[in-house]
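**Student:** Let's see this in three dimensions:
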Amino acid sequence: MTTLIALNGKEFFVKDLPWRLLSDFVLDHCRNVIKEDEKQEWQEGYGKIISQETAVAIADQLEQLIEKGVVERFRIELEIGNLGFHFSEKDVRKFIQFLRHSGGFDIW
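**Tutor:** Predicted structure coming up:
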């Protein structure tokens, strides 16, 4: 299990939401926020520090994706594909709150 450790000391993980799925979603839909050369580090994790500025920008982008229905469409696609992954707007909102209040974070 991947754990995100906020620079303020708090941890984030959603029991049923794999990091690979969430990070793939973020990387696919927040391209204007995450630098191309950082994408591999997101997948591998293990010590990659994300700045507070980037964390807040990702949160802003994710909120827009929720409003546009992109998160719900992605959830439905996973459900239709019967891939067995849990992905919900509620989990994305938890991640947004973490991003906003983390002060930046480290992927472990």
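
**Student:** what is the mean pLDDT for whichever strand or helix holds Lys94?
**Tutor:** Element membership of Lys94 [criterion: DSSP states H and E] is helix 89-101. What helix 89-101 shows for mean pLDDT is 92.

**Student:** Stretch 13-26 now?
**Tutor:** Mean predicted confidence for stretch 13-26 is 79.

**Student:** can you give me the strands for the chain?
**Tutor:** Ranges of strands in the chain, per DSSP state E, are 4-6, 11-12, 48-50, 105-107.

**Student:** Ok, which of these comes nearest Ile34?
**Tutor:** strand 48-50 (8.6 Å; CB to CB). Using the backbone N, CA and C atoms, a C-beta is placed for each residue, glycine as well.

**Student:** What's the mean pLDDT across that closest one?
**Tutor:** On average, strand 48-50 scores 80.

**Student:** roughly how far out does it sit from the chain middle?
**Tutor:** Remark: strand 48-50 is offset 13 Å from the chain centroid, using CA atoms, centre = their mean, to the nearest Å.
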